[in-house]
Structures are given as structure tokens and as C-alpha cells.
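Visitor: A structural model of the following input is requested.
(one chain, ligands or ions: 1)
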Amino acid sequence: MKMMTCHSFIYPNHNYYYHHQNFYFVALGRGTSMAAASASPTPVLRSELKSVEPVEQDLQTALNFVSSPRHRDLVFVVNPQGANGRTGKDWKKLLPFLRSRLGNDYNICESFTTGPRHAIDITREAIREGAEAVIAVGGDGTIYEVVNGFFCDGKPVASNNKENLKATALGVIPLGTGSDFARTFGWSNDPYAAVERVAKGMRSRVDVGVITGPTSDQNYFINVADIHLSAKAGFYASKYKKFGNLCYVIGALQAFMSHYNQDFRIKVNEGEWEFCPQVTALCVGNAKFFGGGMKITPNADPRSGNLSVVILQHFKWYDFILNLHKIYSGTHLKVKNVSSRSVNSIEVEDISGRGGVYIQSDGEHLGFLPKKICVLPSAIEMIC
Ligand SMILES: Nc1ncnc2c1ncn2[C@@H]1O[C@H](COP(=O)(O)OP(=O)(O)OP(=O)(O)O)[C@@H](O)[C@H]1O
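Guide: Residues are numbered from 1 along each chain as shown. Below is the predicted model of the structure:
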């Protein structure tokens, strides 16, 4: 039977919850028994599973009612640790509204991440099972991982059901510390407004950036990839998330202490190598904001089919202090030693010999140069 198959094989390594007014249905891993917990006012938590008795017979009956085969799944990928634990708490509060607003039209499924990169696996499985949308609930790190789950081995992940013509969409409920990706669309950290967007179901194709390293490893990003000082600042900032948006200031101060501008060479759109001296930071925007509200790539547009590169050169620490307000407002492109261009691809190498040049994408540390960054135009459908 369809739903039994679905529950037995969806998310082989993850807990997966179907929601209904009075029931929470929990699928455990492949080969394990299924369980249902009834009449719980809150989601069933992983830690509570031990006390739940397997009731497969009853569950089958109930699943046919709850997880309607007429409806497609909305899979909410929730990072309970996002925004220093606030994401998990806000999600709990949001759930009753979300179920009443969306539950009549969709099967509401939730999956809590258990650690870094878990959201990638959840997303891949959801797409293979033909979900209507995978919705990242958290900050930019969670969106980043969900976006990476749309791809596997260099190719887009597809539904196992070839008759399923409607692609799985990406959705976002921004509940992170910075939530910078949402800013490009003018979305606040208001989860109720985000649920309304999902209810309306408007979709739009957006571009995705792909970063390739010397070992051909690939990482996808949807917001901003950045290199050198800002990436180092982001690396440190991630260690101070408990201070909220202040983490970016602390991270920047720490990064500055060991910073040197370095000579790079860049290759744009597969052209000739260009010398790019004394780079402070090189930012590649698919969208406009990073660092908790800095409009670093103001010309970027995720629906443009290209990426916007902004390069800061020869900057001293006091240049940042003097121009910080311009970086926040996106008026820094006219500042001396700041340049901007639109690209399809850019390769970046450090030629100073010092090495150790940080790169991050969507706030996640990705290692060091050299890297090649390309745009994948209209790669994903997004709910907006
Ligand atoms: N269960 C978990 N426990 C610990 N870390 C997790 C868990 N699930 C996901 N993560 C990691 O948490 C990191 C941050 O998550 P997220 O981006 O959602 O929140 P944030 O950092 O507060 O927000 P923002 O990125 O917008 O500033 C991600 O790198 C992700 O890999």
C-alpha cells in the first residue's frame, strides 16, 4: 500500500513526522517498526520515541486517513539549534497555526536535524519521494544545506516517480541569527508571513552558485560566497552565535587581528588570468546580503542568471570603520578600491604564497583557495 511503502522507505536514516490535529506519526528507519503517538499537543521528540509502542495495524488505518495520497508532502526541515536554540522554540509555537493553515491541502511533515549536513540527506530523500516542497526552517546555514540537498553527484536530485511532473520547490521559514538570504526578498524573521507564502504557493525559478575545488568537490550556495577577510570573520563569528548579531562584529575584530591583504589572480568567464593585487575580500553574490545585514553585493539578483562580484582591495582596518555604514546600505561600490562586475564564472587563486585564504558560502566555512565559482541559472524553483 502506498502509505506503508512511503513510511517504510522514506528517510531511511531519519525520523520523519506526519502531523494531524490529534495524531503524530513517526516513521523510524528502514527495517525498524513504526509507531504512532496519539493526542499529543506538541511534536513527538526523538527523546520521547522510547516510550511509544509499535501499533502498526492501527497506524496503517490512521495513515490512510491522515497522510492523504491525494495531497503532496510539505517537508519542513527544522534546525532546532538555529539562532542559539530560538528556532526550535519558535517552531513549536508556529506549528498549530501552520497545521491549520496548510494541513487541509498538504501532508505536513517535519524533520529535525540532528547535526551539521543532516538537512542535506533529509532534502534528497524528500525530493526522491516527490515532496511538493522542502522548507528550510532556520537560518542561512540550514537553507544552504537544504539547497545542497537539491543536488547529488553534480546533478539535480529528481523524484523517483517519473510521472511526477511538478518539481519539488525550495521554501524558507527564516528563523536564524542573520537570515541574510531572506533580506534580498524583503522578508523579515516573521514565520507567520512565511507560512502565508507557502499557502499561496507562488513559485519562481532562482539561480544557484556552485563552488568547485581542486579535488572536484562541489558545494552549492544560494546567497553569497566570499573569500579572505569576510570569510575568516564568518568563520570566527560562527563560534559566537550565542551573542546574536553581535557575533559578526566579534568575528570581524578577531579576523582583522591576523589579516593581510593578499595578491590573487582571477579568471572571469573562462577568459585570461587577471592580476588582482592586495585583495581584502572578494564576494560573489547570488543575493545581496551577508554578515547580518551588510548589503555587500547590492546588484545581485537571484533571478538574473549571473553572479555579482564585489572586490575590496588595499583596505586598512580604518577603511572598514569609515565605510561600514556604506556597506550596510549597499552604497560602497563608489568607494575607492571597491570594484564590481557581473559574471557567469570566476576562478580565484592566491599568488602571494602565504596560503590559508578562507572561503565561505552562505556563512558556512568551505576551506581555502583555490576555488572556481559558477552560476547555475534557474536551477531551483522557490516559493516566494
Ligand atoms: N541539530 C543540530 N545541532 C547542532 N548544529 C546543527 C544542528 N542542525 C544543524 N546544525 C548546524 O547549525 C548551523 C547554523 O544553523 P542556522 O544557519 O540554521 O542558524 P544560525 O547560524 O543561527 O542562522 P544564520 O546562519 O542565519 O546566522 C548550520 O551550520 C548547521 O549545520
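
Visitor: Can you pull up the residues of this protein that come close to the ligand?
Guide: Residues of the chain lying close to the ligand (C-beta under 6 Å from any ligand atom) are 79-83, 113-116, 138-142, 145, 176-179, 241, 363-364. For glycine as for every other residue, the C-beta is placed from the backbone atoms N, C-alpha and C.

Visitor: Might you report the residue contacts of residue 250?
Guide: Counting by C-beta atoms under 8 Å, 6 or more residues apart in numbering, residue 250 touches 236, 237, 240, 243.

Visitor: Roughly how far does the residue nearest to the last one when sequence neighbours are not counted sit from residue 86?
Guide: Meaning residue 243. Distance criterion C-beta to C-beta, 6 or more residues apart in numbering; nearest residue to residue 243, sequence neighbours excluded, is residue 250 at 6.5 Å. To residue 86, residue 250 is 19 Å away according to C-beta to C-beta, to the nearest Å.

Visitor: Residue 206 now?
Guide: 26 Å.

Visitor: From the neighbour counts alone, determine which of those two ranks first.
Guide: Between residue 206 and residue 86, residue 206 has the larger neighbour count (other C-beta atoms under 10 Å), namely 23 against 18.

Visitor: Tell me if that one really is in a strand.
Guide: Yes - per DSSP: H, G, I helix; E, B strand; the rest coil, residue 206 lies within a strand segment.

Visitor: which residues does the closest residue in space to it that isn't next to it in sequence contact?
Guide: Nearest residue to residue 206, sequence neighbours excluded (C-beta to C-beta, 6+ apart): residue 302, at 4.3 Å. Applying C-beta under 8 Å, 6+ apart to residue 302 gives the contacts 184, 206, 207, 222, 286, 287.

Visitor: And those residues, which two are furthest apart?
Guide: Greatest spacing in the contacts of residue 302, by C-beta to C-beta: 184 and 207 (11.9 Å).

Visitor: all strands of the stretch 51-200 of the chain, in order?
Guide: 72-78, 106-112, 133-138, 151-152, 155-156, 169-174 (DSSP state E, counting those that start in this stretch).

Visitor: now, of those strands, which is deepest in the fold?
Guide: Comparing those by mean neighbour count (mean count of other C-beta atoms under 10 Å), strand 133-138 comes out on top with a mean of 29.

Visitor: Other residues contacting that strand?
Guide: With C-beta under 8 Å, 6+ apart as the test, strand 133-138 has contacts from 74-79, 82-83, 87, 91, 113, 119, 122-123, 126-127, 142-143, 145-146, 149-150, 168-173, 175-176, 191, 198, 383.

Visitor: picking that back up, quickly name whichever of the contacts of residue 302 is closest to residue 307.
Guide: Closest approach between the contacts of residue 302 and residue 307, by C-beta to C-beta: residue 286, at 5.8 Å.

Visitor: so the closest one sits right up against residue 296, yeah?
Guide: No - at 11.9 Å, residue 286 does not count as touching residue 296 under the criterion of C-beta atoms under 8 Å.

Visitor: For residue 379, give me the pLDDT.
Guide: With respect to pLDDT, residue 379 scores 98.

Visitor: would you say it is within a strand?
Guide: Yes - counting by three-state DSSP, residue 379 is located in a strand.

Visitor: Just give the number of residues close to the closest residue to it other than its chain neighbours.
Guide: Ranked by C-beta to C-beta, 6+ apart and with sequence neighbours excluded, the top spatial neighbour of residue 379 is residue 208, at 4.0 Å. Applying other C-beta under 10 Å, we find 23 residues neighbouring residue 208.

Visitor: who does residue 208 bridge with?
Guide: Judged by DSSP bridges, the bridge partners of residue 208 are residue 376.
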